[in-house]
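[1] Structure here, sequence nowhere to be found:
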């Protein structure tokens, strides 16, 4: 793959919230997990395991757990200035769209693998190393899904204390492991429009930090408000 093809794949990857009911072939799921298996990790610790869930009854139970937190999420979001409220917390409505996804893959992390790093790293930033390793595997999964023509979505609510505790009980997950995140997979039902991306000239500094590019607090808040508006505009990113 050349760079242009790689960049096209990166741009193609989107968080999709509307899925077709069509089943995802097992071959595709295996390929997604295989890609994650080769992700870089701290000290090659490979702290990941995966639970593939296709059964509708189990998927519905997980979404029910997420729905149980919606009222709390909504009430918390109301404490923010209105223009800064995240679209995902604007309503206490159930996560009906998530039920459409025919596959969930729960990504588990093993905190014991932090010990694979040099001891100074374990004490100074072991948690960061673990999370970075798991994030690497997770984005590989999203990119693999995009390469196969699938849509994918982060389901980060599954790592919240309430949902995680009950999901671990539901799925028989050992207490030593933690739910890092969950990916929802399926064929896209429609295409989202291009998303708002910052200009490269705003992000790059040569040799040292260019203070003229530093955003004021207001500019940072204005950007947050703009990406939230972009998500809730009709026809906007899914």
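    Looks like it came in fine. Note that the structure is predicted; figures quoted are calculated from it, not measured.
[2] show me where this protein has strands.
    48-53, 103-109, 151-154, 178-186 (DSSP state E).
[3] Go ahead and name everything in contact with the first one.
    Defining contact as Cβ atoms under 8 Å, 6 or more residues apart in numbering, one finds that strand 48-53 is touched by 29, 33, 36-37, 39, 41, 59, 62, 103-110, 133-134, 137, 171, 173, 177, 180. Where C-beta positions appear, they are placed from N, C-alpha and C, glycine not excepted.
[4] can we see that at 7 Å?
    Identification of contacts with strand 48-53 by Cβ atoms under 7 Å, 6 or more residues apart in numbering yields 29, 33, 36, 59, 103-109, 134, 137, 171, 177.
[5] Write the PyMOL selection for whichever of those are buried.
    Per 16 or more other Cβ atoms under 10 Å, the buried members of the contacts of strand 48-53 correspond to this PyMOL selection:
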select buried, resi 29+33+36+59+103+104+105+106+107+108+109+134+137+177
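[6] Need the pLDDT of residue 76.
    Turning to residue 76, the model gives it a pLDDT of 93.
[7] which non-adjacent residue is nearest it?
    residue 89 (6.9 Å; Cβ to Cβ, 6 or more residues apart in numbering).
[8] That neighbour: neighbouring residues, count only.
    By the criterion of other Cβ atoms under 10 Å, residue 89 has 16 neighbours.
[9] who are the neighbours of the longest helix seen in the chain, in terms of helices and strands?
    Scanning the chain for the longest helix, with DSSP state H as the assignment, gives helix 119-147. The contact analysis (3 or more Cβ pairs under 7 Å, 6 or more residues apart in numbering; DSSP states H and E) places helix 119-147 against helix 3-12, helix 26-37, strand 103-109, strand 178-186.
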